[in-house]
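**Q** any chance you could fold what I've pasted below:
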Amino acid sequence: MNQKPKVIVSAPVPPDLRERLAERCDIVEVPTGQNPAEVLGADERAQIEGMVCTVRTKVDQALLDALPALKVSSNFAVGFDNVDLAAATRRKVLICNTPGVLDGAVADVTIGLMLCLSRNLVAGDAFVRSGAWTKGAFPLTRDIRGKTLGLLGMGRIGRVVARAAQAFDMKVIYHNRREDPQAEGLATYVDRDELFKTSDVLSVHIPLSAETRHSIGKRELELMKPTAYLINTARGPVIDEAALIEALRAGTIAGAGLDVMEQEPLPADSPLCALPNVVLQAHVGSATHETRRAMIDLAVANLMDALAGQKPKAMVNAEVWQARA
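**A** Predicted coordinates:
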C-alpha cells in the first residue's frame, strides 16, 4: 500500500473537509500564520509534499529550502503576494489559489462602501443613536445614481462590480494594462490618468506586486475630483497610505472606503481611525460563511488534485503543471 503524502494544514479547515483530506493525506498541523520551518523538525519537514495555508504564511526561498520535498502550496485566498512566485517556479513548486468563488462577496463590500461614503450612512447611524436627530436634520449627502464609477483593474471582481453598478444607473469606466474583451457592454476603457480625473467613485481591484505597490500616490490623488471617493478592497499597500491620509485631511478627495490597509490589523491610533471622511472595514471582503467555505473547499481540492496527479482548478504558475505533464 502506498504511503499517504504528508501535508501541512495551516488554515481553518472544517471537520468534514479535514476528514476527506485525512483519507488521502497524512496531516501535519501548523498553527495559522506560524512558520512551518520554526514549528516542525528537520526530519518531518523533509517529508512534506503539500501545504494549504493562508496569506499569513510566507512561501519564500527560506521556506522552500526548509521543505525540500514540497510539490504544491495551496493558498486559502485569491491573492498570492505572500509567495515568492519566481522562487517557487524555479523549484517546480505549484502554487494554487481560490479565484472566482469570492468575487460576489468582495463586490458586495465594494458597493456597500460606496453607499456608506456617498450617503454618509455610518455617521447617520451615530447621529440617530446620539439623540442629535431630536435637535435637527442630518446634513444632506450625495447621490451615486448617474455618477461615474471608475475601476482600476477589470478582472473577475471588477466585472461583478460593473454589473452591480448598472443597477444604480452609473456610467462605468475602467483601466487595465490592456483592454478586456469581457468588459464590452459593461464598461468603457480609458487611460490611467483619465480614470483618476473622471471618476466620481474610484474602486481599486488590482493585485499587489512590486509594480503596483504604492502605485496610487500623491500624483494620482491630486488628479481626482475633490468630490470623489476612493475605495480599496484589493490590497492595502497598492495605495501610498501616507499620501492618502494627507489627501483626506486636505480635502483633495471627499473620502475613502477601505477594507484593506498597509498595516493589518489596523491599530486604533492610526490616523485613518481619526478621519471622519473614512469608512473602515477589517479585511472582510470574503468574510461570509458561504464564501469562506467555498474558498477552503477549493483550496483543499487544489491540493488533493495536484498531489493525485490531476489538474487543479486554480493554479497561479500553471507552467509548473505543464512541465510535469
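**Q** in the stretch 201-325 of the chain, which spans are helices?
**A** 218-223, 241-250, 289-307, 318-324 (DSSP state H, counting those that start in this stretch).
**Q** wait, which of the ones you listed is closest to Asp180?
**A** Nearest to Asp180, of all the helices of the stretch 201-325 of the chain, is helix 318-324, at 19.7 Å by Cβ to Cβ. From N, CA and C alone the C-beta is placed, and that goes for glycine too.
**Q** for that closest one, which positions count as buried?
**A** Val320, Trp321 (16 or more other Cβ atoms under 10 Å).
**Q** tell me what that helix is packed against?
**A** helix 85-90, strand 94-96 (3 or more Cβ pairs under 8 Å, 6 or more residues apart in numbering; DSSP states H and E).
**Q** looking at these, which is closest to Val55?
**A** strand 94-96 (11.9 Å).
**Q** domain-wise, how is the protein divided?
**A** According to the TED database, the chain comprises the domains 6-100+290-323, 103-280.
**Q** the shortest one: how far from the chain's middle?
**A** The one in question is domain 6-100+290-323. 18 Å (Cα atoms, centre = their mean, to the nearest Å).
**Q** now do the end-to-end distance for it.
**A** Terminal residues of domain 6-100+290-323 are spaced 23 Å apart (Cα to Cα, to the nearest Å).
**Q** mean confidence for it?
**A** Averaging pLDDT along domain 6-100+290-323 yields 97.
**Q** isn't Pro271 up against Ala247?
**A** No: counting by Cβ atoms under 8 Å, Pro271 does not reach Ala247; the two are 11.9 Å apart.
**Q** the more surrounded of those two?
**A** Ala247 (22 against 14; other Cβ atoms under 10 Å).
**Q** I'd say the more buried one and Glu220 touch.
**A** No: between Ala247 and Glu220 there is no contact under Cβ under 8 Å: 9.5 Å.
**Q** TSV for the helices of the stretch 201-325 of the chain, including distance to Pro12?
**A** Below are these laid out as TSV (distance: least, Cβ to Cβ, whole Å):
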stretch	distance to Pro12
helix 218-223	36
helix 241-250	28
helix 289-307	7
helix 318-324	26
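**Q** out of those, flag the one nearest Pro36.
**A** Across the helices of the stretch 201-325 of the chain, closest to Pro36 is helix 289-307 (Cβ to Cβ), at 14.6 Å.
**Q** so what touches the closest one?
**A** The contact list for helix 289-307, computed with Cβ atoms under 8 Å, 6 or more residues apart in numbering, reads 5, 7, 11-14, 17, 20-21, 24-25, 49-52, 71-72, 74-77, 94, 96-98, 101-102, 104-105, 286, 311-315, 321.
**Q** filter these down to the ones in helices?
**A** Leu17, Arg20, Leu21, Arg24, Gly104, Ala105, Trp321 (DSSP state H).
**Q** would Ala164 count as being in a helix?
**A** Yes: the assignment for Ala164 is a helix, going by DSSP: H, G, I helix; E, B strand; the rest coil.
**Q** that one and Ile111 touch, don't they?
**A** Yes: the criterion here is Cβ under 8 Å, and Ala164 meets it with Ile111 at 5.3 Å.
**Q** hmm, Ser203 is touching Met114, no?
**A** Yes: judged on Cβ under 8 Å, Ser203 makes contact with Met114 at a distance of 7.3 Å.
**Q** tell me which of those two has more neighbours.
**A** Between Ser203 and Met114, Ser203 has the larger neighbour count (other Cβ under 10 Å), namely 29 against 25.
**Q** from Glu290, how far out is the more buried one?
**A** 23 Å (Cβ to Cβ, to the nearest Å).
**Q** what about the strands in the stretch 1-150 of the chain?
**A** 6-10, 26-29, 48-53, 72-75, 94-96, 148-152 (DSSP state E, counting those that start in this stretch).
**Q** what residues does the shortest one touch?
**A** When contacts are taken as Cβ under 8 Å, 6+ apart, the neighbours of strand 94-96 outside the stretch itself are 59, 71-75, 80, 83, 85, 88-89, 299, 302-303, 306, 312, 314-317, 320-321, 324.
**Q** try it again with 7 Å
**A** 71-75, 80, 83, 85, 88, 302-303, 306, 312, 314-317, 320-321 (Cβ atoms under 7 Å, 6 or more residues apart in numbering).
**Q** also the fourth one?
**A** For strand 72-75, the external contacting residues (Cβ under 7 Å, 6+ apart) are 50-53, 55, 59, 93-98, 299, 302-303, 306-307.
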